[in-house]
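> Fold the following, please.
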Amino acid sequence: MSKPLISVIIPAFNEEQSIGKVVNDIPRNIVDHVIVVNNNSNDNTVEVAKNAGAIVLDESRKGYGWACLKGIEHSKTLKTEIVVFLDGDYSDYPEEIPDVLAPIFETDMDMVIGSRVLGKREKGSLTPQQVFGNWLATKLIRLFYRAKFTDLGPFRAIKSDALEKLKMADKTYGWTIEMQIKAAKHKMKFCEVPVNYKKRIGVSKVSGTVKGTVLAGIKIIFAVFKYRF
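Next comes the predicted model:
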């Protein structure tokens with residue numbers, strides 16, 4: 001059986017210091033296309049990503065979800081069969097992509113979440129509010145949707161046909177939890193695998209600010225109840 005076509009989507013906002021490292025560490029013997037979505041950066045993110053060999057798209061509407069949606073639309077034109085999502089700040093380990101993909105190949109999973117909780121985390125890589133937010137959100141998902149997760153981590157892989165069924169809509173902070181809740185509601189086959197995590201390069205646009213932390217927390221809690229009905 002031939003290898004499915006795999007695309008990696010990386011939303012990026014002012015990641016000139018890290019995006020080249022992320023793209024260069026992606027195992028190209030497995031991944032067919034690397035799509036970096038420039039989300040209104042005002043630094044050299046675009047040039048660095050292009051020089052590293054990525055396809056670069058522009059999405060001027062600021063928001064993690066907007067960038068992901070842009071990348072998904074382009075991945076369809078490439079006939080992508082599996083989509084991997086990865087952050088552009090070099091906090092994830094791109095070389096672990098085969099580990100995240102393995103359950104799709106080996107046990108026909110529809111979606112695989114890379115769990116930072118199950119893996120090894122560098123001290124200080126997750127803020128206390130991120131740790132608490134993950135814990136609370138995953139507990140609520142288990143309570144309301146009977147789905148067991150340990151993390152809302154951005155590093156994940158999903159079959160393109162499954163992703164299409166989810167009809168993703170969130171444009172900002174609620175993207176990851178929306179995908180997990182909808183996968184549970186659709187009774188898809190999903191699992192988690194341990195992934196390692198290190199301190200990001202630069203300052204987080206979400207957890208690095210009080211405003212971002214509060215807005216993300218509100219959005220995530222709201223999402224738990226929004227998709228309940």
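> Skipping its backbone neighbours, what lies nearest the spatially most central residue of the chain in space?
By CA atoms, centre = their mean, the chain has its centre lying nearest to P154, at 2.9 Å. Once flanking residues are discounted, P154 sits nearest to D87: 4.9 Å by CB to CB, 6 or more residues apart in numbering. (Glycine included, C-beta is placed from N, CA and C.)
> So that neighbour sits against F13, correct?
No - with contact defined as CB atoms under 8 Å, D87 and F13 do not form a contacting pair (10.5 Å).
> Now the element after the helix or strand harbouring V8, going C-ward?
Secondary structure assignment for V8, by DSSP states H and E: strand 6-12. Where DSSP H and E defines the elements, the next helix or strand beyond strand 6-12 is helix 19-25.
> just how off-centre is the worst-scoring helix or strand of the chain on mean pLDDT within its chain?
One helix or strand of the chain scores below all others by mean pLDDT, DSSP states H and E: helix 210-226, with a mean of 70. The chain centre lies 17 Å from the centre of helix 210-226; the measure is CA atoms, centre = their mean, to the nearest Å.
> same check, this time on stretch 117-127
On CA atoms, centre = their mean, the centre of stretch 117-127 falls 16 Å from the chain's centre.
> what do you get for stretch 3-20?
Relative to the centre of its chain, stretch 3-20 is centred 10 Å away, using CA atoms, centre = their mean.
> what does stretch 93-107 give?
Distance, centroid of stretch 93-107 to centroid of chain: 14 Å (CA atoms, centre = their mean).
> Would you mark the buried spots in that stretch?
For stretch 93-107, the neighbour count (16 or more other CB atoms under 10 Å) marks 93-94, 96-97, 99-101, 103-104 as buried.
> which one of those sits closest to W135?
Closest approach between the buried residues of stretch 93-107 and W135, by CB to CB: V100, at 21.7 Å.
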